[in-house]
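Participant: this one's sequence-less:
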């Protein structure tokens with residue numbers, strides 16, 4: 001699902017009115033030991049130079065979480081982080097090609113307990129029609 005509206009559409013790629021920037025935010029998602037989809041969207045003719053950052057919303061504990069970036073059902077990146085790490089999770093970079101199904105999932109790799117996680121994705125867009133919007 002794509003949108004050129006300047007508002008946040010959950011679990012979708014959104015574009016600024018001038019089509020030069022893209023963003024997607026999962027919001028808070030409760031995750032256990034099975035893969036949960038945080039973001040899932042399809043690109044069109046554009047490609048995106050993107051940065052994505054996992055977030056952990058629950059306090060306490062030492063569970064580790066595996067965040068996985070998938071393009072067209074192929075795993076591109078895995079990031080496993082513990083929720084007791086100081087500071088934000090590491091920022092990950094990638095180029096999202098045109099006509100790509102993008103999915104970011106997460107699973108608790110420590111045990112089956114449930115905690116709240118999320119992911120943010122921002123990027124610079126190339127190959128879209130310039131709207132002339134300032």
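Facilitator: Sure, I can see it. Note that the structure is a prediction, hence the values are computed from the model and not measured.
Participant: so for the helix or strand that contains residue 48, what gets flagged as buried?
Facilitator: Assigned by DSSP states H and E, residue 48 belongs to strand 47-56. Across strand 47-56, burial judged by 16 or more other Cβ atoms under 10 Å covers 47-48, 50, 52-56. Backbone N, C-alpha and C define where each C-beta goes, glycine included.
Participant: now, which of these sits nearest residue 13?
Facilitator: Taking Cβ to Cβ as the measure, residue 13 lies nearest residue 48 of those, at 7.9 Å.
Participant: quick one: contacts for that closest one?
Facilitator: By Cβ atoms under 8 Å, 6 or more residues apart in numbering, the contact set of residue 48 is 13, 22, 95-96, 123-126.
Participant: now with 10 Å?
Facilitator: The contact partners of residue 48, by Cβ atoms under 10 Å, 6 or more residues apart in numbering, come to 13, 15, 21-24, 94-98, 100, 102, 121-128.
Participant: so what sits opposite it in the bridge?
Facilitator: residue 96, residue 125 (DSSP bridges).
Participant: from residue 81, how far off is it?
Facilitator: To residue 81, residue 48 is 23 Å away according to Cβ to Cβ, to the nearest Å.
Participant: re earlier: output the buried residues of strand 47-56 as a markdown table; include the columns pLDDT.
Facilitator: Below are the buried residues of strand 47-56 laid out as a markdown table (pLDDT from 0 to 100):
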| residue | pLDDT |
| --- | --- |
| 47 | 95 |
| 48 | 97 |
| 50 | 97 |
| 52 | 95 |
| 53 | 92 |
| 54 | 90 |
| 55 | 87 |
| 56 | 84 |
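Participant: returning to what we had before: filter the contacts of residue 48 down to the buried ones and hand me the ChimeraX line.
Facilitator: In ChimeraX syntax, the buried subset of the contacts of residue 48 is picked out as below (16+ other Cβ under 10 Å):
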select :13,15,22,23,24,94,96,100,102,121,122,123,125,128
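Participant: among the contacts of residue 48, which ones are in strands?
Facilitator: Members of the contacts of residue 48 lying in strands (criterion: DSSP state E): 13, 15, 21-24, 94-96, 102, 121-126.
Participant: returning to what we had before: centre of the chain to the strand holding residue 48, how far?
Facilitator: 5 Å (Cα atoms, centre = their mean, to the nearest Å).
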